[in-house]
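> this one's structure only:
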């Protein structure tokens, strides 16, 4: 315990390079096929880009933005900036220009990496309103760029690379700021969360231990790297362990890439799990009647077996005999869709419907729910494959303390807790108290085994004009089970009654319309129909 709090992110990566120089660190699609980048090759690219960044006048403490979706260049730019003591400011690739401008100006970003020409066009439109932004580097550009303040990524690389044993400047320490991550604020502009190397490395090593990540593991990366869940738990933890990260080309290719890469660990969010569940339901419902009946029976029997085993009850002989048959003929087919060697499916970001987690569990998927927030770097609690209590987010990670405060608020303390919000001392003092406890704003309780159960958000309570307090989360989760609903939000604070704002599931609605023969001109007109 505690090994991660004494080193920088680049030091953690460097240790892996010395152990596994020839092993694949990253994989990405090139001309339709996955190709690999070894740890030694990755280190050399990082060294080359770090030299190029320094030649642009970027040094310790300077902010460098990355405005891109996941790709190897994201990692190279990130580690190159961290190597020279810079501070990385990630920007979600799909945010509007107003958010990009706010983040650049609030953080005083000097250099910005952008993924594509369309994103470059967006940045050029706001550049005159961003006085600190000196240079822009484009990852992907098929044509030469003539403008003096815009460079192509390949031209940034310094000709003479450092060796793999090269080390960062000695004045970069674990207590230095590594990144400023902007969270989507519910009351206006996003807030910049300041995280140090210690915050992140301590958390990444805790994740490694919790999930027993090794050099044999392969992650498939599709959640945005600008989010700390993906960045700490998938990116840094994997590279510190010597594992391999494969990047999807885009979200539409996730299913195909899972079958090809055959990952051992996946990190995802409930909405994507729900889509998988809906796809499974659809495939079963469209099968032959006899096959549908057998699948339903197998799932029912596997569920019964799981319930008896969980309670420690005696399992009937016929069920013990037939379980392997059900597993081979039904459950294994679903596991094969995920590549066949997935040992853990970690899910965080929001509560997962217990019905869905239970089904995946009985089909043999080790789905483990976790809990965290950007301000905690982000991991706080997690189940494990060995200790997995459905309906909870497990126990706290190493080096992380969790307590329940007033109004059942979840409090967090540890090396992983942020320094504060950038340029917002008052906001910082509201969430980090004098004893160092981070007030999460989430409500929860511990079960008898010490597992944390999330019960809602403090600010989510709706108070009607009659003075009745309503907790919306359980109601929203129940309604969201309907396959025709994609998103739902209850509202009605200070009103007579509660209403629901619903976003229909487009695919399910269109499928239903086709099934019963509804004719319509466009999707919007279909939603107005009474059928």
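Yep, that arrived. Just so we're clear, the structure is a prediction, and the values are computed from it rather than from any experiment. Numbering: from 1, shown residues only.
> can you pull out the helices in the stretch 1-150 of the chain?
9-19, 39-55, 72-83, 97-107, 117-126 (DSSP state H, counting those that start in this stretch).
> Can you name the element that comes right after the longest strand seen in the chain?
Using DSSP state E, we find that the single longest strand of the chain is strand 438-446. Downstream of strand 438-446, the first helix or strand assigned by DSSP states H and E is strand 452-457.
> OK, contacts around the closest residue in space to residue 370 that isn't next to it in sequence?
Leaving out its chain neighbours, the residue that sits closest to residue 370 by Cβ to Cβ, 6 or more residues apart in numbering is residue 382, at 3.7 Å. Backbone N, C-alpha and C define where each C-beta goes, glycine included. Applying Cβ atoms under 8 Å, 6 or more residues apart in numbering, we find residue 382 in contact with 207, 210-211, 346, 348, 368-371, 393-395, 397.
> mind putting those residues in TSV, pLDDT and distance to residue 97 included?
Putting the contacts of residue 382 into TSV (pLDDT from 0 to 100; distance: Cβ to Cβ, whole Å) gives the following:
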residue	pLDDT	distance to residue 97
207	98	34
210	96	39
211	95	38
346	95	33
348	91	29
368	94	38
369	95	36
370	97	33
371	97	33
393	96	36
394	97	40
395	98	43
397	98	37
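> which of those lies closest to residue 237?
Among these, residue 207 lies closest to residue 237 (Cβ to Cβ), at 4.4 Å.
> How many neighbouring residues does the closest one have?
If you count neighbours by other Cβ atoms under 10 Å, residue 207 ends up with 29.
> again, but for the one 4 residues further on
Counted with other Cβ under 10 Å, the neighbours of residue 211 add up to 22.
> Quick check: the gap between it and residue 444.
Going from residue 211 to residue 444 by Cβ to Cβ, to the nearest Å gives 22 Å.
> picking that back up, next, the residue nearest to residue 370: phi, psi?
Dihedral angles of residue 382 (phi, psi; degrees, to the nearest 10) stand at phi -160, psi 150.
> With residue 101 as the reference, measure out to it.
Distance of residue 382 to residue 101, computed by Cβ to Cβ: 36 Å.
> same thing with residue 133?
From residue 133 across to residue 101, the span is 10 Å (Cβ to Cβ).
> more neighbours, these two?
Between residue 133 and residue 101, residue 133 has the larger neighbour count (other Cβ under 10 Å), namely 22 against 18.
> so how far is the biggest helix by length in the chain off the chain centroid?
In the chain, taking DSSP state H as the definition, the longest helix is helix 289-311. A distance of 32 Å separates the centroid of the chain from that of helix 289-311, by Cα atoms, centre = their mean, to the nearest Å.
> Same question for stretch 258-276.
Distance of stretch 258-276 from its chain centroid, counting by Cα atoms, centre = their mean, is 11 Å.
> What are the buried residues along that stretch?
Neighbour counts over stretch 258-276 (16 or more other Cβ atoms under 10 Å) mark 258, 261-270, 272-276 as buried.
> now swap in stretch 5-23 and tell me
Under the neighbour-count criterion of 16+ other Cβ under 10 Å, stretch 5-23 has 5, 7-14, 16-17, 20, 23 buried.
> Go through those residues and say which is closest to residue 96.
residue 9 (29.6 Å).
> Do you know the pLDDT at the closest one?
What the model reports for residue 9 is a pLDDT of 98.
> Do I have it right that it meets residue 201?
Yes: between residue 9 and residue 201 there is a contact at 5.9 Å, judged by Cβ atoms under 8 Å.
> Spit out the residues that contact the two alike.
residue 236.
> got the angle for the longest strand of the chain vs strand 452-457?
Relative orientation of strand 438-446 versus strand 452-457 (axes from the mean of the first three to the mean of the last three Cα atoms, to 10 degrees): 120 degrees.
> Just the mean pLDDT for strand 438-446, thanks.
Mean per-residue pLDDT for strand 438-446: 96.
> helices and strands around it, which ones?
In terms of contacts (3 or more Cβ pairs under 8 Å, 6 or more residues apart in numbering; DSSP states H and E), strand 438-446 is packed against strand 400-404, strand 409-414, helix 425-431, strand 452-457.
> quick one: buried residues of that strand?
Under 16+ other Cβ under 10 Å, the buried positions of strand 438-446 are 438, 439, 440, 441, 442, 443, 444, 446.
> Distance of residue 395 relative to residue 368?
According to Cβ to Cβ, residue 395 and residue 368 sit 11 Å apart.
> ok, residue 204 touching residue 234?
No: using Cβ under 8 Å, residue 204 is not in contact with residue 234; the gap is 9.8 Å.
> tally of neighbours for residue 230?
Using other Cβ under 10 Å, residue 230 has 21 other residues around it.
> same check, this time on residue 454
Burial measure for residue 454: 20 neighbouring residues, criterion other Cβ under 10 Å.
> and which of the buried residues of stretch 258-276 is nearest to residue 328?
Distance ranking of these against residue 328, using Cβ to Cβ, places residue 262 first at 19.0 Å.
> these two touch, right, the closest one and residue 335?
No: judged on Cβ under 8 Å, residue 262 makes no contact with residue 335 at a distance of 10.9 Å.
> Quick check: the residue of the chain most remote from its centre vs residue 308, distance?
For the chain, the largest distance from the centre (Cα atoms, centre = their mean) belongs to residue 317, which lies 42.5 Å off. Distance from residue 317 to residue 308, counting by Cβ to Cβ: 12 Å.
> Same question for residue 226.
From residue 226 to residue 308 the distance is 44 Å (Cβ to Cβ).
> Of the two, which one has the most company?
Per other Cβ under 10 Å, whichever of residue 226 and residue 308 has more neighbours is residue 226, with 25 against 15.
> give me every residue that touches that one.
Contact analysis of residue 226 by Cβ under 8 Å, 6+ apart lists 66, 90, 91, 92, 93, 181.
> can you do 6 Å?
Residues in contact with residue 226 (Cβ atoms under 6 Å, 6 or more residues apart in numbering) are 90, 92.
> Phi, psi for it please.
For residue 226, the backbone dihedrals are phi -70, psi -10 (criterion: degrees, to the nearest 10).
> try residue 176
phi -70, psi 150.
> do residue 56 as well
Backbone torsions for residue 56, taken as degrees, to the nearest 10, come to phi -90, psi 0.
> Return the per-residue confidence for it.
95.
> which residues does the residue nearest to residue 28 when sequence neighbours are not counted bridge with?
Of all residues not flanking residue 28 in the chain, residue 247 sits nearest, at 4.8 Å (Cβ to Cβ, 6+ apart). Legend: beta-bridge partners of residue 247 under DSSP bridges are residue 221.
> wait, residue 247 sits on residue 221?
Yes: distance between residue 247 and residue 221: 5.1 Å, which falls inside the contact criterion (Cβ atoms under 6 Å).
> When the two are compared, which one has more neighbours?
Ranked by neighbour count (other Cβ under 10 Å), residue 247 and residue 221 place residue 221 first, with 27 against 22.
> How much space separates the more buried one from residue 27?
Residue 221 is 9 Å from residue 27, by Cβ to Cβ.
> tell me the domain ranges of the protein?
8-197, 272-340+342-458, 461-527 (automatic domain parsing).
> Switch these over to a markdown table; also include distance to residue 254.
Listed next are the domains of the chain as a markdown table, based on distance: least, Cβ to Cβ, whole Å:
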| stretch | distance to residue 254 |
| --- | --- |
| domain 8-197 | 12 |
| domain 272-340+342-458 | 8 |
| domain 461-527 | 15 |
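> Tell me which of those domains sits nearest to residue 241.
With Cβ to Cβ as the criterion, residue 241 lies closest to domain 8-197 of the domains of the chain, at 7.4 Å.
> Any idea what the residue nearest to residue 370 is bridged to?
Here residue 382, judged by DSSP bridges, has bridge partners residue 370, residue 395.
> can you offset everything so residue one is 285?
New numbering, starting at 285: the last item is residue 666.
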